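Engineer: coordinates only, sequence not included:
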């Protein structure tokens with residue numbers, strides 16, 4: 001009986017070591033998002049219902065719900081409480097892998113010539129004021145977090 005108990009204890013310890021090794025390996029290889037979400041940050045919430053529904057209408061629809069503000073953050077647990085911009089709290093908590101930081105960009109859309117602009121001397125799409133380079137720089141600087 002003592003030999004059997006000793007073997008069971010050894011098996012339990014070995015299994016525990018393997019779980020710890022697996023967790024460390026996963027944590028090192030699956031660094032999903034390096035930016036930290038803090039209180040007051042703007043985030044987008046993943047719409048998991050749309051992700052499941054692969055009907056032709058929903059397949060290409062936007063899978064992130066409107067920006068919300070983080071009301072309270074518990075980064076140790078990876079849970080967050082969200083609120084609307086008017087201060088209305090959303091019900092429940094949200095996991096880190098269902099959120100991504102919202103990056104607000106100015107001048108995201110380029111100016112396009114319309115019918116009334118055809119009479120003017122610029123027939124190109126957009127105005128070449130040098131702002132395109134600034135817009136491209138702003139787009140290059142945006143860090144995108146991948147979510148699971």
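Structural biologist: Noted; the coordinates are in hand. Because the structure is a prediction, the values reported are computed rather than measured.
Engineer: where does the protein dip in pLDDT?
Structural biologist: 1, 31-34, 107-148 (pLDDT under 70).
Engineer: go with 50
Structural biologist: Applying pLDDT under 50 to the chain picks out residues 120-129, 135-148.
Engineer: Partner strands of the longest strand seen in the chain, with direction?
Structural biologist: Across the chain, the strand with the greatest residue count (assigned by DSSP state E) is strand 64-74. Within its sheet, and counting by DSSP bridges, strand 64-74 is paired with strand 42-46 (antiparallel), strand 79-83 (antiparallel).
Engineer: How about stretch 76-90, which residues are buried there?
Structural biologist: Neighbour-count burial for stretch 76-90, counted by 16 or more other Cβ atoms under 10 Å, picks out 80, 81, 82. C-beta coordinates here come from the backbone N, C-alpha and C atoms, glycine included.
Engineer: Please apply the same query to stretch 10-21.
Structural biologist: The neighbour-count criterion (16+ other Cβ under 10 Å) identifies no buried residues in stretch 10-21.
Engineer: quick check, nearest of the buried residues of stretch 76-90 to residue 3?
Structural biologist: The nearest member of the buried residues of stretch 76-90 to residue 3, counting by Cβ to Cβ, is residue 80 at 50.5 Å.
Engineer: can I assume that closest one is in contact with residue 97?
Structural biologist: No: between residue 80 and residue 97 no contact is recorded; they are 11.0 Å apart, counting by Cβ atoms under 8 Å.
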